[in-house]
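*Asks:* Build me a structure from this.
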Amino acid sequence: MYAIGVNPWVWASPVDDNALVELVPRIASFGFDAVELPIEQPGDWDPIRTRDLLAAHGLVAAGVCAVTPPGRDLVDASPEVVERTVAYLKGCVDSAAAVGAPCVGGPVYASVGRTWRMTPTARAECYADFRRAVAPVAHHAAERGVAIGVEALNRYETSVVNTVEQTIELIDGLPSNVGIMLDTYHLNIEEADPYAALTLAGPYLKHVQVSGTNRGAPGSDHFDWPRFAAALAATGYRGPVCIESFTADNETIATAASIWRPLAPSQDRLALDGLTYLRRVLG
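*Replies:* As a prediction, the model looks like this:
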């Protein structure tokens, strides 16, 4: 029913042309259908070269992941920072269109790890600022047939949006190509009922990321994956489902994602065990 993909962050960071040449054949040999492509810095990978590499191995681009380190912000930031962030996101859209990916997703509102307290009034102003700032990106994406998936993160990584309900409020009034990128890792932390939250997100879903509740392989954790699969099917979403986890071998990404120990006997096992389980549970 679903194309099952994986993010090369499982093995490497940055994900550049050299990493993809090494990893794409391995990902294909495991039996994945798709690859999720992060852009840490513009130019890390060439879209045309990557499109051809994926096609040569029978894979498609599931989506492009926007990465928001310090200095990439659309809210509570200087006009110069917002302008640079808009330019970065438009570049992600262009790469997605060129590689054939249907969606650019991520915490596109603010840099990961940035938190601050907001009154209800300040939050409403923050959300309005986001809608104004992201509007040209949404228009740019719509012209190229690309969706924007806004990802809620857990409370330790952002204070802007932590739940599906907040994300729906954040994107209210934006064009229909702006929706939700759902990540089960954050869903498990923040939602009182993750499966009801998935149902609520259904009409807005643009992309789905999955991992175990400890960022390991789906199925190696306490999450009720059969219930999740049933709720996902009921939404009508038929896009890709992608495993997102991270290597502990790269200091920068391991620190950013709080990966302090191996989450599987090997990164290959994390990917392959997750794929095997998802094939069974998603049908």
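*Asks:* Show me what the one helix or strand Ser29 maps to packs onto, helices and strands only.
*Replies:* Secondary structure assigned from DSSP states H and E places Ser29 in helix 17-30. Contacts of helix 17-30 with other secondary structure elements, assessed using 3 or more C-beta pairs under 8 Å, 6 or more residues apart in numbering; DSSP states H and E, are made with helix 47-56, helix 267-282. (C-beta placed from N, C-alpha, C; glycine too.)
*Asks:* send the alpha carbons of the last one over as PDB?
*Replies:* The reference is to helix 267-282. The C-alpha coordinates for helix 267-282 follow below in PDB (Å, rounded to 0.1, in the frame of the first residue of the first chain):
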ATOM      1  CA  GLN A 267      22.800   0.800  11.400                       C
ATOM      2  CA  ASP A 268      22.200  -1.800   8.600                       C
ATOM      3  CA  ARG A 269      20.100  -3.900  11.100                       C
ATOM      4  CA  LEU A 270      18.200  -0.800  12.200                       C
ATOM      5  CA  ALA A 271      17.100  -0.100   8.600                       C
ATOM      6  CA  LEU A 272      16.500  -3.700   7.600                       C
ATOM      7  CA  ASP A 273      14.700  -4.700  10.800                       C
ATOM      8  CA  GLY A 274      12.500  -1.600  10.500                       C
ATOM      9  CA  LEU A 275      11.700  -2.300   6.800                       C
ATOM     10  CA  THR A 276      10.800  -5.900   7.500                       C
ATOM     11  CA  TYR A 277       8.500  -5.000  10.300                       C
ATOM     12  CA  LEU A 278       6.900  -2.100   8.400                       C
ATOM     13  CA  ARG A 279       6.200  -4.400   5.400                       C
ATOM     14  CA  ARG A 280       4.400  -6.800   7.700                       C
ATOM     15  CA  VAL A 281       2.400  -4.200   9.700                       C
ATOM     16  CA  LEU A 282       1.500  -1.900   6.900                       C
END
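*Asks:* contacts for that helix?
*Replies:* Contact partners of helix 267-282, identified using C-beta atoms under 8 Å, 6 or more residues apart in numbering, comprise 1-2, 4, 6, 10-11, 26-27, 30-32, 210-212, 216-220, 225-226, 229, 232, 241, 243, 245, 247, 263-264.
*Asks:* In strands, which of the residues you listed fall?
*Replies:* Restricting the contacts of helix 267-282 to those inside strands, with DSSP state E as the criterion, leaves 4, 6, 210, 241, 243.
*Asks:* Shouldn't Leu200 be within a helix?
*Replies:* Yes. Assessed with DSSP: H, G, I helix; E, B strand; the rest coil, Leu200 lies in a helix.
*Asks:* need the contact list for it.
*Replies:* Contact partners of Leu200, counting by C-beta under 8 Å, 6+ apart, are 164-165, 168.
*Asks:* Out of those residues, the closest to Asn188 would be?
*Replies:* Minimum separation from Asn188 among the contacts of Leu200 (C-beta to C-beta) is found for Val164, which lies at 12.5 Å.
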